[in-house]
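sequence unknown, structure follows:
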RNA sequence: GCGCCCUUCGUCUAUCGGUUAGGACGCUAGGUUUUCAUCCUGGAAAGAGGGGUUCGAUUCCCCUAGGGCGUACCA
C-alpha cells in the first residue's frame, strides 16, 4: 500500500482563520498518524486578491501552531498552463465543450427553473453542437456532465452521499480568458500532487460530487474524501469575528499555548472516548477519520481557557519559560533580564497554577518583574492602614534576625501572628500588600524566599513608612 | 426555490439495540488554604417532535420542525 498524502489548500486572504487552522490540523494529524505526507498548496489563482504578505501570514500561522508541512508549498497559479492542458484533453475526449451562451441566456434559464421549482441546472444549447468552433466569439469550456444516473461519493466522515446527475451542472472549466476555474484547478493539482486523502470543510461536500465528475472524465483515481463539519459561533450560526473567527495569530496574541490550541481544535469535532486533555503526541497516535463527528461544533472560549491552564500546569518549567519568552517577543515587549529569568525559573511552580494564559502568567509575576517601591492598588491599600503598618513594623524588626529559609519564615510569622493575637491571614494580607502592592499573589512565604531578605525588608519598610 | 448535510446536559462529547445515558468545560454547594489559584467531595443539567421496525430504541427507517452548506466565468 502506497503512502498517504494529505494537503491543506488555503486561499491567501490575509490570515489563517480558525476554521482553516483546524482543517490544517486534521490533515496534519492524519498524515502524521499514517506516516504519510502533509502538503501545502496556496490557492493564489485570484490575482486581484493575492499578496505575498497574505501567504506569509498563513505560513506564520501554521508554524506557530506547530504544523510542519512536507516538500515545497505549491502555487496553484504556477500550474495554470497544466490546467488548460487538461481542459484541452477533456475537449478532445468529448467530456467538455465550448459554450458561447451569454450571461442573459444563463440567467433566464435559472430564473425560469426557480420559478418552476425545478432542480434542473443550466443546460447549454452548445452542449451537443457540432460546429461550435466556427463561432468567432468568446467562449468558456464546460464539463459535459452526465445527465442521467447518479454520482455517489463515499465520504469517510459523511458516509455515502449521492446526487441525481440532473442536479449537477455543466460547470465551467476554463473561463473566457482561458484561465482555469477553482473546480478544475483543484482536481488537477490534487491529482498531480498525488493527494490520496482530501480532508476539508463540509462546505465543499457538493463540490466533491462535481469534482468527482472531472476525475471520472479524466479517468483518474478519485481520492478519499473526508468532509469535516464547520465550526459555528456560540449562537449556532456562522462563526463571526466577534465569536472567535479570528486569525490564528489572535490566539497567539491572547497568550494561548500552541499545544493547548492543538488540543482544543482537535477536540472540536473529533473524539477519542472521554479524553479531553491530551498531548499532541497522543493526538497523533489516536487520530482517525472514523472518530470525526458529523455535526458542527461551536467555539467555546471557556473550554479553550481551561485547557490552556491545564497545559500550562503540565508543561515543563524550562519549556514554559521558553514559551513566555516567545510570547514576549511576539508582542514586542521588553525582553527578560537574566535576573527575571532566574526568578521565573524559581517561582514557576507557584506561578503556573495561577494562570490560564501567558499574559496572566506574566501578570502574576508582577512582584519580581518590577522594582520597588510598589504603589499599592486600591485593594492592597486597604490592608495597609495605620494599624497594619504598625504591625508590619514590628514584624520587620523580628525578621531581621531570621535565617532566610522557608521553614524558618513560616514558623517565625506564625509565631508572630500568635503573639499579636491575630489570625495568620491578618498578617499575611498586609504583608502581601507590602510585598507586591496587590491583594492577590502567590504564597507570601514563597515570595519572601525568592525575593531574599534584603529586598523583602526593604519592601516592608517602603510600605510601613 | 432546488440539492445536500446536521440535531444527546448551556457548550464540547461518549454510547456503535438492552446503561441509574458516562466524561469534560461552565454553573452551583461544601472541604483544604495566608489571598488568588490549584486540589478534593457533592449537586442541578440532555436523547427536537411525531410515526414506524423490534421482545426492547438515544441507537435502524420515514415524516415534520429547526439549523448549516451549496446553488458564480470566487475560492
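Perfect, thanks for sending it. Bear in mind the structure is a predicted one, so any value in this text is a computation, not a measurement.

Can you give the distance of stretch A:453-465 from its chain's centre?
46 Å (C-alpha atoms, centre = their mean, to the nearest Å).

With stretch A:189-207 instead?
That offset, for stretch A:189-207, works out to 20 Å (C-alpha atoms, centre = their mean).

Show the end-to-end separation of it, please.
Terminal residues of stretch A:189-207 lie 15 Å apart, using C-alpha to C-alpha, to the nearest Å.

Need the residues that contact it.
A:2-7, A:9, A:19, A:23, A:26-27, A:30, A:36, A:39, A:41, A:74, A:76, A:79, A:82, A:155, A:157-158, A:161, A:163, A:183, A:186, A:208, A:215, A:218, A:220-221, A:223-230, A:289 (C-beta atoms under 8 Å, 6 or more residues apart in numbering). Every C-beta, even on glycine, is put in place using the N, C-alpha and C of the backbone.

just checking: which of those residues also lie near RNA strand B?
Filtering those for neighbours of RNA strand B using C-beta under 7 Å from any atom of the strand leaves A:76, A:158, A:161, A:163, A:183, A:229-230.

Filter those residues down to just the ones in strands.
Mapping those onto strands (DSSP state E) picks out A:161, A:163.

Can I get the ones next to RNA strand B among the contacts of stretch A:189-207 in CSV including pLDDT and neighbour count?
Output for these, formatted as CSV (pLDDT from 0 to 100; neighbours: other C-beta atoms under 10 Å):
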residue, pLDDT, neighbour count
A:76, 95, 22
A:158, 94, 18
A:161, 94, 16
A:163, 94, 19
A:183, 96, 17
A:229, 93, 18
A:230, 89, 16
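
could the ones next to RNA strand B among the contacts of stretch A:189-207 be laid out in a markdown table, adding distance to residue A:394?
As requested, these are exported to a markdown table (distance: C-beta to C-beta, whole Å):
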| residue | distance to residue A:394 |
| --- | --- |
| A:76 | 75 |
| A:158 | 73 |
| A:161 | 79 |
| A:163 | 84 |
| A:183 | 81 |
| A:229 | 65 |
| A:230 | 65 |
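
In chain A, where is pLDDT below threshold?
A:1, A:48, A:130-135, A:237-245 (pLDDT under 70).

thinking again about what came up before, just the buried residues from the contacts of stretch A:189-207, in ChimeraX please.
The ChimeraX selection below is limited to those of the contacts of stretch A:189-207 classed as buried (16 or more other C-beta atoms under 10 Å):
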select /A:4,5,6,7,9,19,23,26,27,30,36,39,41,74,76,79,155,157,158,161,163,183,186,208,218,223,224,225,226,227,228,229,230,289
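
Where do the strands of chain A begin and end?
Counting by DSSP E, the strands of chain A are A:5-8, A:37-42, A:74-75, A:96-99, A:140-143, A:150-155, A:159-164, A:172-174, A:197-201, A:224-228, A:231-232, A:297-298.

Looking at those, which one is packed in the most?
Mean neighbour count, computed with mean count of other C-beta atoms under 10 Å, is highest for strand A:5-8 among those, reaching a mean of 26.

Near RNA strand B, which residues of the stretch 201-350 of chain A? Just list them.
Residues of the stretch 201-350 of chain A lying close to RNA strand B by C-beta under 7 Å from any atom of the strand are A:202-207, A:229-230, A:232, A:234, A:236-238, A:267-271, A:273-274, A:276, A:291, A:293-298, A:300, A:302-303, A:305-306, A:309-310, A:313.

The same query, at a cut-off of 6 Å, please.
Within the stretch 201-350 of chain A, the positions lying close to RNA strand B (C-beta under 6 Å from any atom of the strand) are A:202-203, A:205-207, A:230, A:236-238, A:267-269, A:271, A:273-274, A:276, A:293-298, A:300, A:302-303, A:306.

just to revisit the earlier point, give me the subset of the ones next to RNA strand B among the contacts of stretch A:189-207 that lies in helices.
Among these, the members found in helices (DSSP state H) are residue A:183.

just curious, which of the ones next to RNA strand B among the contacts of stretch A:189-207 is nearest to residue A:122?
Nearest to residue A:122 among these is residue A:183, at 14.8 Å by C-beta to C-beta.

What about the closest residue to that closest one other than its chain neighbours? Give its phi and psi, please.
The shortest distance from residue A:183 to any non-neighbouring residue, by C-beta to C-beta, 6 or more residues apart in numbering, is to residue A:171 (5.4 Å). Backbone torsions of residue A:171, given as degrees, to the nearest 10, read phi -60, psi 150.

quick one: residue A:171 and residue A:143 touch, right?
Yes. The criterion here is C-beta atoms under 8 Å, and residue A:171 meets it with residue A:143 at 5.2 Å.

Between the two, which contacts overlap?
With C-beta under 8 Å, 6+ apart, residue A:171 and residue A:143 have common neighbours residue A:210.

thinking again about what came up before, of the residues of the stretch 201-350 of chain A next to RNA strand B, buried ones?
Burial by neighbour count, 16+ other C-beta under 10 Å: within these this picks out A:202, A:205, A:207, A:230, A:267-269, A:297, A:306.

what angle do the longest helix seen in chain A and strand A:37-42 make?
Longest helix in chain A, counting residues (DSSP H): helix A:18-34. For helix A:18-34 against strand A:37-42, the angle by axes from the mean of the first three to the mean of the last three C-alpha atoms, to 10 degrees is 150 degrees.

Give the full set of residues in contact with residue A:15.
Taking C-beta under 8 Å, 6+ apart as the test, what residue A:15 contacts is A:54, A:57-58, A:61, A:247-249.

rewinding a little: counting neighbours, what do you get for the residue nearest to residue A:183?
21 (other C-beta atoms under 10 Å).

Same check on residue A:214?
Neighbour tally, residue A:214, other C-beta under 10 Å: 25.

Run through the residues that contact it.
Residue A:214 is in contact with A:90, A:143, A:173, A:183-184, A:187, counting by C-beta under 8 Å, 6+ apart.

can you name the two of those residues that are farthest apart?
A:90 and A:183 (12.2 Å).

Now the common contact residues for the two.
Contacts common to residue A:90 and residue A:183, judged by C-beta under 8 Å, 6+ apart, are A:173, A:214.

mind listing the helices in the stretch 1-150 of chain A by residue range?
Assigned by DSSP state H, counting those that start in this stretch, the helices in the stretch 1-150 of chain A fall at A:18-34, A:52-65, A:80-92, A:103-115.

chain center to the second one, what's the gap?
The one in question is helix A:52-65. With C-alpha atoms, centre = their mean, you get 12 Å for helix A:52-65.

In PyMOL, how would I select the buried members of the contacts of residue A:15?
The following PyMOL line selects those of these that are buried, judged by 16+ other C-beta under 10 Å:
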select buried, chain A and resi 54+57+58+61+247+248
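
Tell me the one of the contacts of residue A:15 nearest residue A:101?
Of those, the one sitting nearest to residue A:101 (C-beta to C-beta) turns out to be residue A:54, at 34.4 Å.

hey, which of the helices of the stretch 1-150 of chain A is tucked in deepest?
The most buried one of the helices of the stretch 1-150 of chain A (mean count of other C-beta under 10 Å) is helix A:18-34, showing a mean of 23.

could you check the angle strand A:197-201 makes with it?
160 degrees.

Can you tell me the closest non-neighbouring residue to residue A:453?
According to C-beta to C-beta, 6+ apart, the nearest residue to residue A:453 is residue A:404 (4.6 Å).

what sits against residue A:10?
By C-beta under 8 Å, 6+ apart, the contact set of residue A:10 is A:16, A:20, A:24, A:42-43, A:58.
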